[in-house]
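Trainee: Give me the fold of what follows.
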Amino acid sequence: MPRVGRPSPSCHGGIFFKLLVFLAVVFAALALAWMLFLPLVFTTQLRQRTGFDATVESLAVNPFTGTIELRGLVITNPPTFPVHEFVQLRRFHADAELFSLLTDRPVFASVILDVAKLTLVKGEDRRTNAGAFQGHLAAPGQDPALPVPARPARGILIRRLAVRIDEVVIADHTGPVPVVQDYRLGFNQIYTDVTGVKQLMAPAALAGLMPAGAALDGLLPGALGRALRETAKDAAKSGAGLLKAAGRRTGEKIKGYFDALEESQKP
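Mentor: Model (predicted):
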């Protein structure tokens, strides 16, 4: 009987090499499909969830490293608002500690938020585009004028946060004549170990927002708006206290001057 020989090592190597090539082609096709369709999926979901239209130049998410890179995001208001523009985001980048995403406290090694232009609009009905966007994003399908049901707070830690905002436009259409204010802020701040929104209202940050500070009142929704109002109140109280203290010191100096003058006139 003829003997059946074993496959040669070169045959095994050829099969293994072909398998590697096949897997490489499959993974390359999946990666290409991921890169091509992810921006479309993202903007479609955002539009369906919020009612705000959106386009994006590029979006890359690496599930193996926890890295997100988004560029050229433009969000526009629905026709119910008198102004079309809303957000022009130049870049968003995040590096997450991958396993922390499975816990109650996600940790990000770094986050970059680079905003070219932010347009905040208040319509005739006093609704704001930022409030409507946040309301729909938090509770899709619910009237943003209604309170959003409370959810258990989820902690977060950002070890390094870089925020840049070039321009803020505030359009108030509540009166008979629209009032539009354009602020070229050039805001550029770096924060470390961020665990809450109020940390963003540091004195240096408030100085950068000062030109638009008063006009922003009532236009920023949620925790950011509350943090801005609370910080402004604290600053006002501190300023009043400093002014009162300065007046007291001035009064004491004047009183001391007259006391010294009276003593010098005594025989």
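Trainee: what stretches of the stretch 151-267 of the chain score poorly on pLDDT?
Mentor: Residues of the stretch 151-267 of the chain meeting the criterion pLDDT under 70: 151-154, 203-215, 217-218, 221-267.
Trainee: now with 90?
Mentor: Where the stretch 151-267 of the chain drops to pLDDT under 90, the residues are 151-156, 174-176, 179, 181, 183-187, 194-267.
Trainee: Would you map the helices across the stretch 51-200 of the chain?
Mentor: Counting by DSSP state H, counting those that start in this stretch, the stretch 51-200 of the chain has helices at residues 129-138.
Trainee: Let me see the ranges of the strands in it.
Mentor: 53-55, 58-62, 67-76, 85-96, 107-122, 157-172, 179-194 (DSSP state E, counting those that start in this stretch).
Trainee: between these, which gets nearest to Gly131?
Mentor: Closest to Gly131 of those, according to CB to CB: strand 107-122, at 9.1 Å. Backbone N, C-alpha and C define where each C-beta goes, glycine included.
Trainee: Going by neighbour count, list what's buried in the closest one.
Mentor: 107-108, 111-112, 114-122 (16 or more other CB atoms under 10 Å).
Trainee: Would you mind pulling up the elements that it packs against?
Mentor: Using 3 or more CB pairs under 8 Å, 6 or more residues apart in numbering; DSSP states H and E, the elements in contact with strand 107-122 are strand 85-96, helix 129-138, strand 157-172.
Trainee: Burial-wise, tell me which of these comes out on top.
Mentor: With neighbours defined as mean count of other CB atoms under 10 Å, the helices and strands packed on strand 107-122 peak in mean count at helix 129-138, which reaches a mean of 21.
Trainee: Report the inter-axis angle for it versus strand 107-122.
Mentor: 130 degrees (axes from the mean of the first three to the mean of the last three CA atoms, to 10 degrees).
Trainee: In a markdown table: the strands of the stretch 51-200 of the chain, plus distance to Asn129.
Mentor: Putting the strands of the stretch 51-200 of the chain into a markdown table (distance: least, CB to CB, whole Å) gives the following:
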| stretch | distance to Asn129 |
| --- | --- |
| strand 53-55 | 12 |
| strand 58-62 | 23 |
| strand 67-76 | 9 |
| strand 85-96 | 6 |
| strand 107-122 | 4 |
| strand 157-172 | 9 |
| strand 179-194 | 14 |
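Trainee: Can you tell me which of those strands is nearest to Gln45?
Mentor: strand 53-55 (9.5 Å).
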